[in-house]
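Q: build me a model from this:
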Amino acid sequence: MSDKKPILEFKDIHVEVEGKEVVKGVSMTINPGEIHAIMGKNGSGKSSLSNALMGHPSYTITKGEAYLKGESILDMEADERSRAGLFLAFQYPLAIPGVTVANFMRAALKSHRGADADMSDFRKLFKAAMTDLSVDQSFATRYINDGFSGGEKKRIEVLQMSMLNPAMALLDETDSGVDIDAIKIVSEGINRYQSENNGVLMVTHYQRLLNYVKPDKVHVMMDGKFVLTGGPELALKLEESGYEWLNEEKTGV
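A: Coordinates of the predicted model:
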């Protein structure tokens, strides 16, 4: 284990949506070079946690602490968290008609680098990232996610992650609505990004993404809480037996 500060650390996080508590006191530490996965059924609080950590205004953190590279992020706006090194790939990326992929990526990178940044290398970086993710060069002039397939949307999310190279990537159901070929390409992009200097937190229902992106730890979330943490073998157990065996263990039935 690295002796560096954790990339992301949160303690006793509680989250409310429209006055209802959906995350009920969860904690996690992700060290440099680590990949963690959160698994659980729909409605367990997985996506709510990732959205709240990113600063989505519809998700209110009512209690707890959260640190990115040792710095508290809870008083930061979402754009400040992004510039500090936190990235969220959405479960359902939105279309932005009128904004091309190239212009969007250029604006995002410039925002991270600063208003006076030298952007002379943008075209080279952008083209290389598109090639790595098997994104056709014609997508540069298409509007963001407008008419894109599920797999194309997720590739564009990972393309943005590759361009920004954040310290911490939150990947919210990157395998949702994606066929097996796209899963392989997206996974390659995640593995190419991941290094000993950053961290990854994946939210998923299924084992299939974890066949390609190997987690160090798997956390099972039920009813807003982490009920079990283990290694990669835990994901295989869930794939084989579902989540009912956890209910049975908790109730003794």
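Q: which SSE is the closest residue to residue 21 other than its chain neighbours in?
A: Closest residue to residue 21 apart from its sequence neighbours, by C-beta to C-beta, 6 or more residues apart in numbering: residue 14 at 6.2 Å. All C-beta spots, glycine's among them, are computed from the backbone N, C-alpha and C. Assigned by DSSP states H and E, residue 14 falls within strand 8-17.
Q: all strands of the chain, in order?
A: With DSSP state E as the criterion, the chain has strands at 8-17, 20-30, 35-39, 60-68, 71-72, 86-89, 96-100, 143-144, 168-172, 199-204, 217-222, 225-230.
Q: residue 101 contacts residue 138, doesn't it?
A: No: between residue 101 and residue 138 there is no contact under C-beta atoms under 8 Å: 9.7 Å.
Q: so what's residue 88 closest to, chain neighbours aside?
A: Residue 88 sits nearest to residue 54 (C-beta to C-beta, 6+ apart), 4.1 Å away.
Q: tell me who's in contact with the one you found.
A: Residues counted as contacts of residue 54 (C-beta atoms under 8 Å, 6 or more residues apart in numbering) are 78, 81-82, 86, 88, 170.
Q: try residue 79
A: So residue 79 contacts residue 111 (C-beta under 8 Å, 6+ apart).
Q: pLDDT score for it?
A: pLDDT for residue 79: 95.
Q: and stretch 220-234, end to end?
A: With C-alpha to C-alpha, to the nearest Å as the measure, stretch 220-234 spans 9 Å from end to end.
Q: ok, stretch 48-66 next?
A: 15 Å.
Q: buried stuff in it?
A: By neighbour count on 16 or more other C-beta atoms under 10 Å, the buried set for stretch 48-66 is 48-56, 59, 61, 64, 66.
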